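Colleague: Sequence and computational prediction follow.
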Amino acid sequence: MKQSQLFTKTQKFAPKDEVSKNAQLLIRAGFVHKEMAGVYGFLPLGWRVMNNIMQIIREEMNDIGGQELKLTALQSKEVWSKTNRWSDEIVDNWFKSELKNGTKVGLAFTHEEAITGLMKSFVASYKDLPFSAYQFQTKFRNESRAKSGIMRGREFIMKDLYSFSRTQEEHDIFYGKAKDAYVRIFDRLGIGEETYLTFASGGTFSKYSHEFQTVCDAGEDIIYVDKEKGIAVNEEVYNDEVLADLELDKNNLVKEKAAEAGNIFSLGTKFSDAFDLTYRDENEQEQKVIMGSYGLGPARAMGIITELLADENGLVWPENVAPFKVHLINIGEDEKTEEIYSQLQDAGVEVLWDDRDMRPGAKFADADLIGCPYRVVVSSRSLEAGGVELKKRTDKDGQIVNVDKLIEQIK
Ligand code: ATP
Ligand code: MG
């Protein structure tokens, strides 16, 4: 894409009321628009990053057998009354409204109720199980704290997967696969090393749930990390006697601030009890379906990546999620650059070409702020030296590369 065509522009300053580092940088770079506190829109560059993140999540969910669907954000009161979660005393972050005829509706903050109710139409026999389904869906939560930029939105996309199994053993097998898929997702997003499988409180049906907590200053949680074992415990269970089985050396745990990038949860029969979601087993006996839920916020992941990797000059995107792989900049030499631009595109390299008539310094500053992994500069000086200047966003200096070798080097 030619940068002269991009309607967004970089800005020197973020809005005065924006306190989070991730939103400040993403707004300045033109990735995100702040509609109001905790409510952010995604602009072309930001939406490309979001789509890359969602695609990685989608591939991993498909890989463990998840089937993608899309439920509704608008929900009826009846469904939620089955689990007593319509009540404002029980759930305090509801956005509710009503239809013209007075019928109460809510904007879903999660979808366990909706999907359990739906599955009553499809699950009857043991032959219908096991399976899992997921969606990328907008959730609405009237969060009281909205100081973490896109990491805590009042309206945000969540990937939520729900699993339906016949037995606890069958559930445990799927749960293990989901856990492994999450590890792969955070590796592919470039935050795997800082992200710890974290034991958190489990609820009625299991001792623990698992969170994927990324150590980062902007996080709102406190975890205790066992670096040797590569796992952590959430502060909320740190003092529980539930912990002996983890065999953690409590003297070696390191206290860290962390952001919950994702979580997975065994639900047992909590929801299938409420909705009477049953199947008929091989002996013609009615049995309750065992469920699990698996959440992950792509915008929270994007915020975490920003917080962890950005430097004093701007954003730094890992190759897998970058809006473009190459930021091509020309200083004069329009024709030669047009040629290189075409060659890169023909080779399938995603490239943003800064074709604007601007000072080189301003173009370089914008490239640093936007944060594509590779910067390629074409100038009379580089051509005289034998090619173009190739520089990684994370390197200080570039090197001259022969134009014929450029694609090879980047790929
Ligand atoms: P938290 O503890 O941070 O409030 P949660 O435990 O309520 O989150 P879930 O409801 O299980 O989280 O949501 C699943 C995932 O969705 C979280 O792990 C996180 O990645 C993401 N998420 C949750 N709340 C938000 C939010 N307000 N904005 C963006 N992403 C969110
Ligand atoms: Mg949580």
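Modeller: Here it is on my side, so go on. Ligands and ions are numbered 1, 2, ... in the order given.
Colleague: From the centroid of this protein, which residue is nearest?
Modeller: Pro298 (2.0 Å; Cα atoms, centre = their mean).
Colleague: In three-state terms, label the nearest residue to it once chain neighbours are set aside for me.
Modeller: Closest residue to Pro298 apart from its sequence neighbours, by Cβ to Cβ, 6 or more residues apart in numbering: Ile53 at 4.5 Å. All C-beta spots, glycine's among them, are computed from the backbone N, C-alpha and C. Judged by DSSP: H, G, I helix; E, B strand; the rest coil, the three-state class of Ile53 is helix.
Colleague: Help me confirm that Ile53 comes into contact with Ile304.
Modeller: No: with contacts counted by Cβ atoms under 8 Å, Ile53 stays clear of Ile304, the gap being 10.5 Å.
Colleague: Compare the two (neighbour count), which wins?
Modeller: Ile304 (29 against 25; other Cβ atoms under 10 Å).
Colleague: show me what contacts the more buried one?
Modeller: Asn22, Met151, Ile191, Thr214, Cys216, Ala218, Ala259, Ala261 (Cβ atoms under 8 Å, 6 or more residues apart in numbering).
Colleague: Can you tell me how far the second one is from Asp17?
Modeller: If you measure Met151 against Asp17 using Cβ to Cβ, to the nearest Å, the figure is 17 Å.
Colleague: Mind checking which of those two has more residues around it?
Modeller: Met151 (27 against 8).
Colleague: OK, contacts around that one?
Modeller: The contact partners of Met151, by Cβ under 8 Å, 6+ apart, come to Ser20, Asn22, Ala218, Ala259, Gly297, Ala299, Arg300, Gly303, Ile304, Glu307.
Colleague: out of those, who's near ligand 1?
Modeller: With Cβ under 6 Å from any ligand atom as the criterion, those include Gly297, Ala299, Arg300 near ligand 1.
Colleague: Would you enumerate the residues in contact with the last one?
Modeller: The neighbourhood of Arg300, defined by Cβ under 8 Å, 6+ apart, consists of Ile150, Met151, Arg152, Phe156, Ala259, Glu260, Ala261.
Colleague: hmm, 6 Å instead?
Modeller: For Arg300, the contacting residues are Met151, by Cβ atoms under 6 Å, 6 or more residues apart in numbering.
Colleague: With just CA atoms, put the helix or strand hosting it into PDB.
Modeller: Using DSSP states H and E, Arg300 maps to helix 298-309. Extracted C-alpha coordinates of helix 298-309, given in PDB (Å, rounded to 0.1, in the frame of the first residue of the first chain):
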ATOM      1  CA  PRO A 298      -7.100 -10.300  20.800                       C
ATOM      2  CA  ALA A 299      -7.100  -6.600  21.600                       C
ATOM      3  CA  ARG A 300      -5.700  -7.400  25.100                       C
ATOM      4  CA  ALA A 301      -3.000  -9.400  23.300                       C
ATOM      5  CA  MET A 302      -2.300  -6.500  20.900                       C
ATOM      6  CA  GLY A 303      -2.000  -4.200  24.000                       C
ATOM      7  CA  ILE A 304       0.400  -6.600  25.700                       C
ATOM      8  CA  ILE A 305       2.600  -6.800  22.600                       C
ATOM      9  CA  THR A 306       2.700  -3.000  22.500                       C
ATOM     10  CA  GLU A 307       3.500  -2.700  26.100                       C
ATOM     11  CA  LEU A 308       6.300  -5.300  26.000                       C
ATOM     12  CA  LEU A 309       8.000  -4.500  22.800                       C
END
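Colleague: Residues of the chain that sit close to ligand 1?
Modeller: Counting by Cβ under 6 Å from any ligand atom, the chain sits next to ligand 1 at 110, 141, 143, 152-153, 156, 158, 260-263, 295-297, 299-300.
Colleague: Please flag which of those sit within strands.
Modeller: The strands, defined by DSSP state E, take in Phe156, Met158, Glu260, Ala261, Gly262, Asn263, Gly295, Leu296 from these.
Colleague: Which two of those residues have the greatest separation?
Modeller: With distances taken as Cβ to Cβ, the most widely separated pair in those is Phe156 and Asn263, at 14.6 Å.
Colleague: More neighbours: those two, which one.
Modeller: Phe156 (21 against 18).
Colleague: Please report the distance of that one from His327.
Modeller: Distance, Phe156 to His327, by Cβ to Cβ: 28 Å.
Colleague: Please enumerate the helices of the stretch 51-200 of the chain.
Modeller: With DSSP state H, counting those that start in this stretch as the criterion, the stretch 51-200 of the chain has helices at 77-81, 112-119, 168-188.
Colleague: And the shortest one, what's buried?
Modeller: Using 16 or more other Cβ atoms under 10 Å as the test for burial, helix 77-81 gives Val79, Trp80.
Colleague: now the longest one
Modeller: Of the residues in helix 168-188, those with enough neighbours to count as buried (16+ other Cβ under 10 Å) are His171, Phe174, Tyr175, Lys177, Ala178, Ala181, Tyr182, Ile185, Phe186, Arg188.
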